[in-house]
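[1] A structural model of the following input is requested.
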Amino acid sequence: MAKPRNEPKASRPRMQGYGVPKSMKGALPWDWAEKRLTESHNYWLTSAGANGSPHTMPVWGIWLDNAYYFSTGSTTRKARNLKQNPSCVVCNEKAEEAVIVEGVAQQLKEGEIPKRAFSDYKKKYGWELDPQRGPVWVVRPKVVFAMPEELFPEGATRWKFEV
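    Modelled structure (predicted):
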């Protein structure tokens, strides 16, 4: 099992013309984004096919140790897409408190799945995270954006992860 990564480095997203401050005054702390990623019940996962065609679907999952864990059937379009192109986007369910994760997905073997992922998933959904039913994937973020409607533009924040 991989160790949790250090807290990501905060900066401002490049959004010329939207009034996003150059200073970090008003930027959000990482725990703001982490809370929304942890508490979201439904997530949006966007993958891309071999021809670049995007595919977005709602998925259940958990945010654990700076990564997103989810399961899907092995023959689903998202699974087929991720096998060809592991780059993807995961978003929380509340667009007014949008957290956008750009990352890389990896299909895990059963022994690679953190034990806590099983209990957290069961507690959250009342459903087993079962690698026999469908592969379990982890999305490790490269960059995360926060676009909170009520705090915009001062709250617009970007976090970069060590890759």
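[2] Let me see the ranges of the helices in this protein.
    Here the chain has its helices, by DSSP state H, at 30-39, 77-84, 115-125.
[3] Now do the shortest one: everything it contacts.
    What it means is helix 77-84. The list of residues contacting helix 77-84 from outside it, by C-beta atoms under 8 Å, 6 or more residues apart in numbering, reads 45, 47-50, 55, 57, 59, 72-73, 88, 105, 107, 134-135, 137. Where you see a C-beta, it was placed from the backbone N, CA and C, and this is true even at glycine.
[4] Give the buried subset of those as a ChimeraX selection command.
    ChimeraX command restricting the contacts of helix 77-84 to the buried ones, with burial defined by 16 or more other C-beta atoms under 10 Å:
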select :45,47,48,55,59,72,88,105,107,134,135,137
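[5] Looking at the contacts of helix 77-84, which is nearest residue 157?
    Each of the contacts of helix 77-84 was checked against residue 157 using C-beta to C-beta; the closest is residue 88, at 20.8 Å.
[6] and the closest one, what does it touch?
    Residue 88 neighbours (C-beta under 8 Å, 6+ apart): 45, 46, 47, 48, 81, 82, 102, 103, 104, 105, 139.
[7] Serialize those residues to CSV and add fields for pLDDT and distance to residue 159.
    Compiled in CSV, these are given as follows (pLDDT from 0 to 100; distance: C-beta to C-beta, whole Å):
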residue, pLDDT, distance to residue 159
45, 98, 19
46, 98, 19
47, 98, 22
48, 97, 23
81, 97, 25
82, 97, 23
102, 98, 11
103, 98, 12
104, 98, 16
105, 98, 19
139, 98, 15
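[8] quick one: which two of these are the most distant?
    Distances among the contacts of residue 88 were taken as C-beta to C-beta; the most separated pair is 81 and 102, at 15.2 Å.
[9] Between these two, which has more neighbouring residues?
    Set side by side, residue 81 and residue 102 show more neighbours around residue 81, with 22 against 17, by other C-beta atoms under 10 Å.
[10] And the nearest residue to that one once chain neighbours are set aside, how far from residue 106?
    Of all residues beyond its chain neighbours, the one nearest residue 81 is residue 47 (3.7 Å), with distances taken as C-beta to C-beta, 6 or more residues apart in numbering. Remark: distance between residue 47 and residue 106 (C-beta to C-beta, to the nearest Å) = 13 Å.
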